[in-house]
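okay, here's the prediction I keep looking at, along with the sequence it came from:
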Amino acid sequence: MADWKKRVKENTVGEFFVDSTCIDCDTCRQLAPQTFEDSGEHSYVQTQPQSPEEVRSALRALVACPTGSIGTQGPNGAAQILPDFPMSMEEGIFYCGFNSPKSFGGNSYCIQHPEGNWLVDSPKFLPYLVKRFGEMGGLRYIFLTHRDDVAEAQKYADQFQAQRIIHEQDQDAQPGAEIILRGMGLQELVPGFQIIPTPGHTEGHCVLLYKNQFLFSGDHLWWRRKRKQLGASSSVAWYSWRKQTESMARLLNYDFEWVLPGHGERKKLPKDEMKKELSELVGRMRSSLEPG
Ligand SMILES: [Fe+2]
């Protein structure tokens, strides 16, 4: 519950506010970019939401915030917003919401599939989400992109007898995982679900390409909202920026329309435009590796 007494000074005066417990994870700015802005250290309310749609988006951000850092001065009806989550992105593809502070507010996703649903990384473990996942058909696989974003995966695995998937190089973050990926080859455990190792951000980082359309990209790749281009960052390449550059170049062998990251903006583009964006990113990354 956000605390009005701890509100950050940048907030525009009005109903909504952000308090000083914010970890600057970007979740609210993804959900309500017209309301929330980044100070460089935390989010704040730049413009109070006006229209019913803007208020709803701001309330979604309030609900999804991993640290409960968004509040309102009066009653807000946020409980009525819960059914917005998991939020449909496209047919069968959902953003879970309820980002976990254990993954620094990483996004998680659910793929609904007749042969068993997939969870990609983990949201908070909440009775509401357990109920909703149950109504959606349960969870069969939990794909963990990398060590940072496992959050509550074990609890969801126990709840649904789901199989957790993680690469051996990041396995120590989820030692009980049922399926361990090894090596650098593509693996297709279920037709249509291609797992591609992408070392760089971490040594065991992998992405999931679903139906040659949806790339669940973890912390390997995201859309930069302000620059309006695909991005990755050497400042968070915990393992190797050079390896991440090589991994990024290998993704040019695949087609996809959607980038659905752990951190950063989600983006959909026609496949040829996405490939052009990816090619330009690889060019920028390679340039950054050149001496001088
Ligand atoms: Fe990460």
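That came through fine.

just give the number of residues close to the closest residue to the ion within the stretch 1-150 of the chain.
Nearest residue of the stretch 1-150 of the chain to the ion: D148, at 3.2 Å (CB to the ion). From N, CA and C alone the C-beta is placed, and that goes for glycine too. Using other CB atoms under 10 Å, D148 is surrounded by 23 other residues.

burial of the nearest residue to it once chain neighbours are set aside, as a residue count?
Nearest residue to D148, sequence neighbours excluded (CB to CB, 6 or more residues apart in numbering): S103, at 6.1 Å. Neighbour count of S103, defined by other CB under 10 Å: 27.

which ones are touching S103?
66, 121-122, 148-151, 262 (CB atoms under 8 Å, 6 or more residues apart in numbering).

for N76, same thing?
Counting by CB under 8 Å, 6+ apart, N76 makes contact with 15, 59, 62.

okay, the residue nearest to D148: pLDDT?
On pLDDT, S103 comes in at 94.

distance of it relative to L209?
From S103 across to L209, the span is 21 Å (CB to CB, to the nearest Å).

go on, A162?
From A162 to L209 the distance is 20 Å (CB to CB).

likewise for K102?
To L209, K102 is 26 Å away according to CB to CB.

those two: which is more packed in?
Per other CB under 10 Å, whichever of K102 and L209 has more neighbours is L209, with 22 against 18.

helix or strand for the residue nearest to the more buried one when sequence neighbours are not counted, which one?
In this structure, L209 finds its nearest non-sequential neighbour in Q194, 4.4 Å apart by CB to CB, 6+ apart. Element membership of Q194 [criterion: DSSP states H and E] is strand 193-197.

quick check: residues of the stretch 51-200 of the chain near the ion?
Contact residues (CB under 5 Å from the ion) of the stretch 51-200 of the chain with the ion: D148.

which stretches of the stretch 51-200 of the chain form helices?
Under the criterion DSSP state H, counting those that start in this stretch, helices of the stretch 51-200 of the chain are mapped to 52-64, 127-135, 153-160.

format those helices as JSON lines; extra columns: mean pLDDT and mean neighbour count.
Listed next are the helices of the stretch 51-200 of the chain as JSON lines, based on pLDDT from 0 to 100; neighbours: other CB atoms under 10 Å:
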{"stretch": "helix 52-64", "mean pLDDT": "96", "mean neighbour count": "20"}
{"stretch": "helix 127-135", "mean pLDDT": "98", "mean neighbour count": "15"}
{"stretch": "helix 153-160", "mean pLDDT": "98", "mean neighbour count": "19"}
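
that older thread, the residue nearest to L209 against G185, yeah?
No - contact between Q194 and G185 fails when scored by CB atoms under 8 Å: they sit 10.8 Å apart.

residue contacts, the closest residue to S20 other than its chain neighbours?
Excluding the flanking residues, the one nearest S20 by CB to CB, 6+ apart is K6, at 4.6 Å. Counting by CB under 8 Å, 6+ apart, K6 touches 19-21.

against S122, how distant is K6?
28 Å.

also M89?
According to CB to CB, M89 stands 18 Å off from S122.

settle it for me: which of these two has more neighbours?
A count of neighbours by other CB under 10 Å puts S122 above the other of M89 and S122, at 28 against 16.

between Q194 and G185, who's got more neighbours?
Q194 (18 against 9).

how far away is the more buried one from S287?
Taking CB to CB, one finds Q194 at 29 Å from S287.

for S20, same thing?
Between S20 and S287 the computed distance is 38 Å (CB to CB).

neighbour-wise, which of the two wins?
Neighbours per residue, other CB under 10 Å: of S20 and S287, the larger number sits with S20, 14 against 9.

dump the residue contacts of the more buried one.
Residues near S20 by CB under 8 Å, 6+ apart: 6-8, 42, 69.

now with 10 Å, please.
2-3, 5-9, 41-42, 69 (CB atoms under 10 Å, 6 or more residues apart in numbering).

next one: Q174
Applying CB under 10 Å, 6+ apart to Q174 gives the contacts 122, 142, 144, 147, 150, 153-154, 157, 164-166, 180.
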